[in-house]
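Chemist: Predicted model and sequence follow; I will ask about them next.
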Amino acid sequence: MCSHLWRCIRAGITIPNDLTFMRFTFFCFYISFCFLLVGCTIAGAEPATTDTVRQDVAPVPLVQQHPIDTSALPKGYFINPMRIPVSLSATFGEIRPNHFHGGIDLRVGGKVGEPVYAAAEGYVSRIKVSPWGGGKHVYITHPNGFRTVYMHLDGYAGELLKFVHDYQYSHRVFAFDTDLPADSIRVEQGQLIGYAGNTGSSGGPHLHYEIRFADNDQPVNPFYFGMDYSDPVPPTIVNVKLYPADGATLIDGVSKEWFQTTTRSIKKRHVTATADSVTVSGRFYAGIYAYDRSDAQSRKNGVERIELYVDGALFAIYGVPTYIYEETRAINAQIDYPQYQKNREYYVLTRQLQGIRYPKVTAVRDSGYICFNDNAMHSLEYRVYDYKGNVALRSLKVRSRQPNTIGQQPATAAMAQNRKLNVVFARPFRLDTAGFRLSIKPYSLYADDGLVFRISQRKEGLYGNCYTVYPRNYNYPPNQACTIELPIPHGVKVSRSKLLICTVAGKKKSAVETRVENGKLVAEVKCFGTFAVAADTVPPDLKPSNFKNGSTVTAKDIRLKITDDFSGIGTYDCYLNGRWTLAEYDPKVAALIVDAKQLKKGQNDVKFKIADAVGNLVERQYTLYR
């Protein structure tokens, strides 16, 4: 109302003498209300021929997480889950593709079958079996408010073994995820619960072990609970990078990223050199790539803490004592993501983006940007620690030069037929144009950004147009899934149930789990890129791996190789002599595995039914003897 009065005054409109101020303010309120109704009507309309962009304000509450005081965590409450010396193949909080590593990986000598024991008394609160991820899981909730998790198990023991067997046969499934009532399966500290293995997405036999808060499943570094191991080796600093903050920043005379350590080819020899100084003019930020080994032969593990000192004062610190799963994908915005995509090197950056709600890099000032703005010599020093306190150092002298102008990041030239749409990271966003709809939840992007959007003609093997969308300045995978809706193309002769949304990169297309809603194809996607519609009408392929039809089985199991060329394996069932029989699916080796002990002596009729994600079905029947 006051704003309307001010507009009247600025426009030179006088208030009539016979109209009281109260009547005038009521008049302004009435006109404002009318404009509001008209505006709401326009915003709600979605004509098929009009592009629509919506960006509403919607506050998103932060997920509650427990603060970590390492001195207050119970030491000695949990015992080691295996009775062999602790040897690490991965540490807590390691940077992985799209996530932090939520536990520690314990070596088992390269063999499956090492006994695994409950780290403390409690009850089994959840059991999960999956061909992917952690494979065979056990979750144990303890009376002190924590929960321990054991993954990649080869199998279960005792009551857990019976529960899993009964559940799988009563539900006719291999994979499942179920919560158990409190105290339905009690365990004591040191009780055998299973055996270490290589199930799920494991790259080799080991035990993945976690300690979480029980109320919100927030993982905490198990080392903070008194778990001990040997590590005499300090971390290794591979390289340090400096990044210009904008187009006016010059690093060694050019406005581009700068590596402290470089490798050149001289007379057919690779020569590596590490600079001890660099000249910088303008604002910049830094990144470091480092790793740790617990011994000289072990794999590259994550570090415990990174500190950057500028002129002797702490400027930024990185560490992952804990995190919450809702924000684990935000690691993509805290590393040099293009560098990771190029060669899988994780450079942790000092720069902080507003959309990272739980940053693991804490900068003292200026959101992690450094600007000396003088003509002097300055120092940068990185200190990298492992969990045993070993430290590695890397120093760099910076000769500062005052810039002639303070520049801003130059605008990127608009691409032909592209639409650049502004997205406020803290608000929901929806683009609806030409039959394509994109819905982005708040805090999916990590900073305010503009979307690049274009439509191109369909490619071979696809239906309809191809739609490309990505953030212009911070092209990272979104922190949470975005919703893509595409129209069902006209004239398609295959069933709707066989149509899928897919991502397209060059000649490669990858299927995305798709559903049909209101006559459109809908998918939840965790990446940006090019999307299109494709069809899958080809059933999976299967063939025996270690047996032949009519043969006698002497191996401990029978294996069937199953593959699918697009949508992926959906369901798999085995029937032995007419009865459903458990078959375990291992996608690492594309195998469906049946325990040969289930075969009876003499002749056995074995039938397999395999379907892909859109229901294309293939059946095979074999006669085997034992």
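Modeler: Thanks, I have the structure now. Numbering: from 1, shown residues only.
Chemist: check which helix or strand covers S265.
Modeler: Following DSSP states H and E, one finds S265 within strand 261-266.
Chemist: how far does that strand sit from the chain's center?
Modeler: Taking the mean of its C-alpha atoms, strand 261-266 sits 34 Å from the chain's own mean (C-alpha atoms, centre = their mean, to the nearest Å).
Chemist: Need the contact partners of it.
Modeler: By C-beta atoms under 8 Å, 6 or more residues apart in numbering, the surrounding residues in contact with strand 261-266 are 238-240, 270-275. The C-beta positions use only the backbone N, C-alpha and C, and glycine is treated the same way.
Chemist: before we move on, what about stretch 386-394?
Modeler: Outside stretch 386-394, the residues that touch it by C-beta under 8 Å, 6+ apart are 91, 221, 223, 229, 231-237, 240, 260, 288, 290, 292, 303-304, 381-385.
Chemist: hmm, back to that, looking at the contacts of strand 261-266, which has the most residues close by?
Modeler: In terms of neighbour count, V240 stands highest of the contacts of strand 261-266 at 24 neighbours, by other C-beta atoms under 10 Å.
Chemist: Can you pull the phi/psi pair for the most centrally placed residue in the chain?
Modeler: What sits nearest the mean C-alpha location of the chain, by C-alpha atoms, centre = their mean, is N98, with 2.9 Å. Here is the backbone geometry of N98 (degrees, to the nearest 10): phi 70, psi 10.
Chemist: Just give me the neighbour total for the closest residue in space to it that isn't next to it in sequence.
Modeler: Leaving aside its sequence neighbours, N98 sits nearest to R329 (C-beta to C-beta, 6 or more residues apart in numbering; 5.1 Å). For R329, the neighbour count with other C-beta under 10 Å is 21.
Chemist: Over to the one 4 residues further on?
Modeler: A333 sits with 21 neighbouring residues when counted by other C-beta under 10 Å.
Chemist: tally of neighbours for the nearest residue to it once chain neighbours are set aside?
Modeler: Distance criterion C-beta to C-beta, 6+ apart; nearest residue to A333, sequence neighbours excluded, is Y446 at 4.0 Å. Neighbourhood size, Y446 [other C-beta under 10 Å]: 23.
Chemist: cool, T263 as well?
Modeler: As a burial measure, T263 scores 9 neighbours (other C-beta under 10 Å).
Chemist: try V364
Modeler: As a burial measure, V364 scores 13 neighbours (other C-beta under 10 Å).
Chemist: residues contacting the nearest residue to H101 once chain neighbours are set aside?
Modeler: Distance criterion C-beta to C-beta, 6+ apart; nearest residue to H101, sequence neighbours excluded, is E94 at 3.9 Å. By C-beta under 8 Å, 6+ apart, the contact list for E94 reads 100-101, 301-302.
Chemist: Do a quick rundown of the strands in the stretch 201-350 of the chain.
Modeler: Assigned by DSSP state E, counting those that start in this stretch, the strands in the stretch 201-350 of the chain fall at 206-213, 219-220, 236-244, 250-251, 258-259, 261-266, 269-274, 277-281, 284-291, 305-310, 313-319, 348-349.
Chemist: What is the third one packed up against?
Modeler: Think strand 236-244. strand 250-251, strand 258-259, strand 261-266, strand 284-291, strand 377-385, strand 391-400 (3 or more C-beta pairs under 8 Å, 6 or more residues apart in numbering; DSSP states H and E).
Chemist: can you check the second one too?
Modeler: Strand 219-220 sits against strand 206-213, with contacts defined as 3+ C-beta pairs under 8 Å, 6+ apart.
Chemist: can you give me the helices for the protein?
Modeler: Assigned by DSSP state H, the helices in the chain fall at 2-10, 21-44, 158-171, 337-343.
Chemist: thinking again about what came up before, just confirm the residue nearest to the centre of the chain contacts Y476, I think it does.
Modeler: No: the pair N98 / Y476 is not scored as a contact, 9.8 Å apart, by C-beta atoms under 8 Å.
Chemist: what do those two both touch?
Modeler: Shared contacts of N98 and Y476 (C-beta under 8 Å, 6+ apart): N332.
Chemist: how far away is V220 from D386?
Modeler: Applying C-beta to C-beta, to the nearest Å, one obtains 18 Å for the distance of V220 from D386.
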